[in-house]
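**Student:** pasting the structure only:
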């Protein structure tokens, strides 16, 4: 555990030196504040909207932005250290390769969590400053959205390690990371929609739809935050969620599996790689 914390602290310190923490926090805060005030239009109150509208806006933003930030943080975690020659130095200490992976993961997750909590928290603070009434249910949904956003970041951080473990150069890892982002965030849903249209109105079995949605972590996140309550009505995903058998608990388990499986794969690939 001590070795994990040492490596995690190293990653956080490097993030501070590279201004990653500051940049991601300011980016998320700026976009959150912009969406908070611009997103108030549906409520009819200029400059102040309900927290449910903010949840829909920020969750939609998260699907595009948080995976990209996570992949940018993690895609060179292994191959970058190897190119700089610091991986040999790091492993010369009594530190195992598994500890390197998990330590880096904790450090990168801490950076993402800090940026997400403080960046998105600015939206709630802005609403409170304007005197907008926030009910307990909406506040719980907002906090759940922040927590699941961090979990989505953990998923793509772990996937980024797989790209880093199989790549021989940082540029290759970067290209793979961009391809992963495009596939899960854009291409997958477009292909799924095309397949449903091609079915020409034929009923898709619910179990098959559930599997297709769980096969993409961004879809699991989308259903978790936009598929029920006021957010479901505002986003239009309430109808989709009603025709699936995916409970919030099952969606959380899916995101956890999407985190642990790539992390285990990255650990296995790194353990077999020659330095």
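**Tutor:** Received, thanks. All values derive from a computational prediction rather than experimental measurement.
**Student:** buried set for stretch 184-193?
**Tutor:** Within stretch 184-193, the residues that count as buried by 16 or more other C-beta atoms under 10 Å are 184-185, 188-189, 192. Heads up, the C-betas are built off the backbone N, CA and C, glycines and all.
**Student:** try stretch 121-130
**Tutor:** Within stretch 121-130, judged by 16+ other C-beta under 10 Å, the buried ones are 121-124, 126-127.
**Student:** Go through the one helix or strand residue 251 maps to and flag the buried ones.
**Tutor:** Using DSSP states H and E, residue 251 maps to helix 248-271. If you call a residue buried by 16+ other C-beta under 10 Å, then helix 248-271 has these buried ones: 250-252, 254-255, 258-259, 262-263, 265-267, 269-270.
**Student:** Show me the contact partners of it.
**Tutor:** Outside helix 248-271, the residues that touch it by C-beta atoms under 8 Å, 6 or more residues apart in numbering are 78, 97-98, 100-102, 105, 148, 151-152, 154-155, 158-159, 161-162, 164-166, 214, 217, 220-221, 223-224, 228.
**Student:** packing partners for the helix or strand harbouring residue 53?
**Tutor:** Here residue 53, judged by DSSP H and E, is contained in helix 51-74. On a contact count with 3 or more C-beta pairs under 8 Å, 6 or more residues apart in numbering; DSSP states H and E, helix 51-74 meets helix 20-38, helix 97-129, helix 136-166, helix 170-182, helix 217-226, helix 229-235.
**Student:** can you list these in JSON lines and add distance to residue 91?
**Tutor:** Listed next are those as JSON lines, based on distance: least, C-beta to C-beta, whole Å:
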{"stretch": "helix 20-38", "distance to residue 91": "24"}
{"stretch": "helix 97-129", "distance to residue 91": "7"}
{"stretch": "helix 136-166", "distance to residue 91": "14"}
{"stretch": "helix 170-182", "distance to residue 91": "19"}
{"stretch": "helix 217-226", "distance to residue 91": "31"}
{"stretch": "helix 229-235", "distance to residue 91": "46"}
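**Student:** Between the buried residues of stretch 121-130, which sits nearest residue 140?
**Tutor:** Within the buried residues of stretch 121-130, the smallest distance to residue 140 is 12.0 Å, found for residue 124 (C-beta to C-beta).
**Student:** Against residue 14, how distant is residue 95?
**Tutor:** 16 Å (C-beta to C-beta, to the nearest Å).
**Student:** Relative to residue 62, which of the helices and strands packed on helix 51-74 is closest?
**Tutor:** Among the helices and strands packed on helix 51-74, helix 136-166 comes nearest to residue 62, with 4.7 Å by C-beta to C-beta.
**Student:** Okay, angle between the closest one and helix 51-74 too, please.
**Tutor:** 20 degrees (axes from the mean of the first three to the mean of the last three C-alpha atoms, to 10 degrees).
**Student:** Just the mean pLDDT for helix 136-166, thanks.
**Tutor:** Averaging pLDDT along helix 136-166 yields 92.
**Student:** So which elements touch it?
**Tutor:** helix 51-74, helix 79-84, helix 97-129, helix 170-182, helix 217-226, helix 229-235, helix 248-271.
**Student:** starting at the chain centroid, how far to it?
**Tutor:** Its chain's average C-alpha position is 4 Å from that of helix 136-166, according to C-alpha atoms, centre = their mean, to the nearest Å.
**Student:** do the same with stretch 120-136
**Tutor:** Worked out by C-alpha atoms, centre = their mean, stretch 120-136 lies 23 Å from the chain centre.
**Student:** Just name the most buried of the helices and strands packed on helix 136-166.
**Tutor:** Among the helices and strands packed on helix 136-166, the stretch with the highest mean neighbour count (mean count of other C-beta atoms under 10 Å) is helix 217-226, at a mean of 25.
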